[in-house]
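1. Give me a model of this one.
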Amino acid sequence: MGVEYPITEDLVEAFCTAIMAFADWRRGGPEPQVFLDGKFLPVSAIANFVSVSNDPMPDGIYDFLCRVIGAGNAPADRTFAAGGSSLYRSCMDLQTRRARQSTQQRSVKAQRRLDAA
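-> Numbers count the residues shown, from 1 in each chain. Prediction:
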């Protein structure tokens, strides 16, 4: 099992911002960046950082996370580790779906060009 670290206030704030950014990202565009420790990092990186802390997640953050990522992706428990892992998985799922959709769209366009030729 990995090393556990207590979560910092800055990381909690970045995680909350990452949840909000993920909600906006679902509408489209590239993966948003969140400011932490003097640099901008992708939402998935923030989620990954949070996943090393087994500190309990406050109910408000847990409820907000569940609303944003959906009940099907809800964390296994109410720790930041579980919440970070769930947000990370949601990021990867969204990237995979978008990549699949992009590939399908390119295939349809290519087929249309062939049909028109």
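
2. Could you use CA atoms for every contact and neighbour count after this?
-> Fine.

3. for P6, what are its contacts?
-> Each residue near P6 by Cα atoms under 8 Å, 6 or more residues apart in numbering is listed here: 53-55.

4. out of those residues, which are inside helices?
-> Among the contacts of P6, none falls in helices (DSSP state H).

5. Which single one of these is nearest to L36?
-> Proximity of those to L36, judged by Cα to Cα, is greatest for S53, which lies at 16.3 Å.

6. ok, which stretches of the chain are helices?
-> With DSSP H as the criterion, the chain has helices spanning 9-25, 43-50, 59-69, 80-116.

7. what's the residue closest to the geometric middle of the protein?
-> C91 (3.5 Å; Cα atoms, centre = their mean).

8. Which helix or strand in the protein has the lowest average pLDDT?
-> Across the helices and strands of the chain, mean confidence by mean pLDDT, DSSP states H and E is lowest for helix 80-116: a mean of 82.

9. one step back: most neighbours among the contacts of P6, which one is it?
-> S53 (21 neighbours; other Cα atoms under 10 Å).

10. how far away is that residue from D24?
-> 25 Å (Cα to Cα, to the nearest Å).
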